[in-house]
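> coordinates only, no sequence provided:
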């Protein structure tokens, strides 16, 4: 009998695996080495599971040999729990089944998926623009965790711009090319295909940053603009190892010159630097879940998506490092696309800005800066994080409902 492992490729995550394991062991070891600092008044807890922080505090108050040994043992168990969680994740039977949405338009490798093909031609439509970094199916993860399904049930036609892997054309693209050669033509197609339907443009993460440039070129075709956790001020609140990584201009230039792209594992290294102990926390927690539960299946579905990214082509990566993170051109009002300066204040249609309550990928102040720049934008705060607001258990009554109500009201 053929097993699941013979039918599907093995999981590789969390990517890069060696980095996550190294961060976990280093964190526990450095916590023990820095134990005296826990005795200082006002010392804060580390971003570790609560049980280990409580043990650190107890050991700081009573640093006897037995207490220190018990703490070391607990740290070892915590790392072992993480390893057990990763093993359980690797062999979990869940595999995403493609939703098989109809393709109604394509250019290069990018396709436009219709999430409600039976909707009336007059139904309001929303063109959803995801990030280039991770796969578009975060918007349509699985039954019960699908923004696309929810919007369709509201009587809206959701259209997902699925970038797919870069092809020969896209390998020479920069950010401006994705705006002018992919997003704008997709908008024009939908406007012609459904001339009686109000069309809304919604971008998620860097897809929202791209969409700002597109909406300025297509305002006559768009009823409203929506940005979801989209960075705008790229010098806002970013620090720690992430800031150090982003400042290494020569290193990134060498990587892009050597590989001709920014590989997925290096992208994942950057995300890991935003919260170095996330892997330790979440996989040690996963190890204690019932593997047959809905909670465990959702964890695996989201983790699969997180590890299922695309490389950034050289021109886009260079723009992101140089024009966005180094010079902060969007935030300073100097970013230009195809010769036109991108001024959010020139967007005259209604705008909705969704800024999650907690976001370690796009700092709140970075996303709120776009809402400040837009005239009379409505800003909402979904009660989740960057990914949770799109796929979590509170997504339906948080972000999704806000989006549905906004589209139907405009």
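Arrived safely. Quantities reported herein were computed from a predicted structural model and do not represent experimental measurements. Numbering: from 1, shown residues only.
> those helices in the stretch 101-250 of the chain, which residues are they?
Under the criterion DSSP state H, counting those that start in this stretch, helices of the stretch 101-250 of the chain are mapped to 147-153, 175-178, 184-193, 206-217, 240-246, 249-259.
> highest mean neighbour count out of those?
Highest mean neighbour count among the helices of the stretch 101-250 of the chain (mean count of other CB atoms under 10 Å): helix 206-217, with a mean of 25. For every residue, glycine as well, the C-beta is placed using N, CA and C.
> what angle separates it from helix 184-193?
Computed with axes from the mean of the first three to the mean of the last three CA atoms, to 10 degrees, the direction of helix 206-217 lies at 60 degrees from that of helix 184-193.
> contacts for helix 206-217?
When contacts are defined by CB atoms under 8 Å, 6 or more residues apart in numbering, helix 206-217 is touched by residues 128-133, 161, 175-176, 178-180, 183-184, 187, 201-203, 222, 225-232, 320, 324, 330, 335, 337, 340, 342-344, 346-347, 349, 370.
> and it, how far out from the chain middle?
Between the centre of helix 206-217 and the centre of its chain there are 17 Å (CA atoms, centre = their mean, to the nearest Å).
> just the buried residues of the contacts of helix 206-217.
Restricting the contacts of helix 206-217 to buried positions leaves 128-133, 161, 175-176, 178-180, 183-184, 187, 201-203, 222, 225-232, 320, 324, 330, 335, 337, 342, 344, 347, 349, 370, with burial counted as 16 or more other CB atoms under 10 Å.
> and the helices of the stretch 101-250 of the chain: which comes nearest residue 404?
Residue 404 sits nearest to helix 147-153 of all the helices of the stretch 101-250 of the chain, at 5.9 Å, using CB to CB.
> how far does the closest one sit from the chain's center?
Between the mean C-alpha position of helix 147-153 and that of its chain there is a distance of 20 Å (CA atoms, centre = their mean).
> what do you get for stretch 82-101?
Computed by CA atoms, centre = their mean, the separation of stretch 82-101 from the middle of its chain amounts to 19 Å.
> okay, buried residues for it please.
Here stretch 82-101 shows 82, 84, 85, 86, 88, 89, 92, 94, 99, 101 as buried, counting by 16+ other CB under 10 Å.
> do the same with stretch 261-279
When burial is assessed from 16+ other CB under 10 Å, stretch 261-279 yields the following buried residues: 261-269, 271-279.
> start and end of it, how far apart?
The first and final residues of stretch 261-279 sit 26 Å from each other (CA to CA, to the nearest Å).
> likewise stretch 104-119?
Stretch 104-119 stretches 14 Å from its first residue to its last (CA to CA).
> what's the mean pLDDT across the helix or strand where residue 88 lies?
For residue 88, the element it lies in under DSSP states H and E is helix 65-90. Confidence over helix 65-90, taken as the mean pLDDT, stands at 80.
> any idea which helix or strand of the protein has the worst average confidence?
The element with the least model confidence among the helices and strands of the chain, by mean pLDDT, DSSP states H and E, is helix 4-7, at a mean of 44.
> thought residue 148 was touching residue 142, still the case?
No. Using CB atoms under 8 Å, residue 142 makes no contact with residue 148, being 10.9 Å away.
> quickly note the distance from the residue lying closest to residue 323 once chain neighbours are set aside to residue 342.
Counting by CB to CB, 6 or more residues apart in numbering, residue 323 lies nearest to residue 329, which is 4.7 Å off, once chain neighbours are set aside. Residue 329 sits 8 Å away from residue 342, going by CB to CB, to the nearest Å.
> same question, residue 382
As it turns out, when the distance is counted by CB to CB, residue 382 lies 25 Å from residue 342.
> for residue 348, which non-adjacent residue is spatially closest?
Nearest-residue entry for residue 348: residue 219, 6.5 Å, with adjacent residues in sequence omitted and distances by CB to CB, 6+ apart.
> where in the protein is pLDDT low?
When residues are selected by pLDDT under 70, those of the chain lie in 1-9, 30-72, 238-244.
> switch to 50 and redo it
Within the chain, the set of residues satisfying pLDDT under 50 comprises 1-6, 37-44.
> show me where it has strands.
103-107, 110-114, 125-129, 140-142, 145-146, 157-162, 199-204, 224-228, 261-262, 312-313, 336-337, 340-341, 351-354, 378-380 (DSSP state E).
> residue 366 touches residue 229, doesn't it?
No. At 9.3 Å, residue 366 and residue 229 do not qualify as touching, with contact defined as CB under 8 Å.
> re the thing from before, for the helices of the stretch 101-250 of the chain, which one sits closest to residue 292?
Ranking the helices of the stretch 101-250 of the chain by proximity to residue 292 (CB to CB) places helix 147-153 first, at 23.8 Å.
> which elements pack onto that closest one?
Helices and strands in packing contact with helix 147-153 are listed as strand 125-129, strand 140-142, strand 157-162, helix 401-409; criterion 3 or more CB pairs under 8 Å, 6 or more residues apart in numbering; DSSP states H and E.
> give the partner strands of the second one in its sheet and their orientations.
For strand 140-142, the paired strands and their directions (DSSP bridges) are strand 145-146 (antiparallel).
> now do the strand it pairs with: everything it contacts.
99, 139, 140, 298, 301, 391, 395.
> for the first one, what are phi and psi?
This points to residue 99. Dihedral angles phi and psi of residue 99 (degrees, to the nearest 10) take the values phi -80, psi -10.
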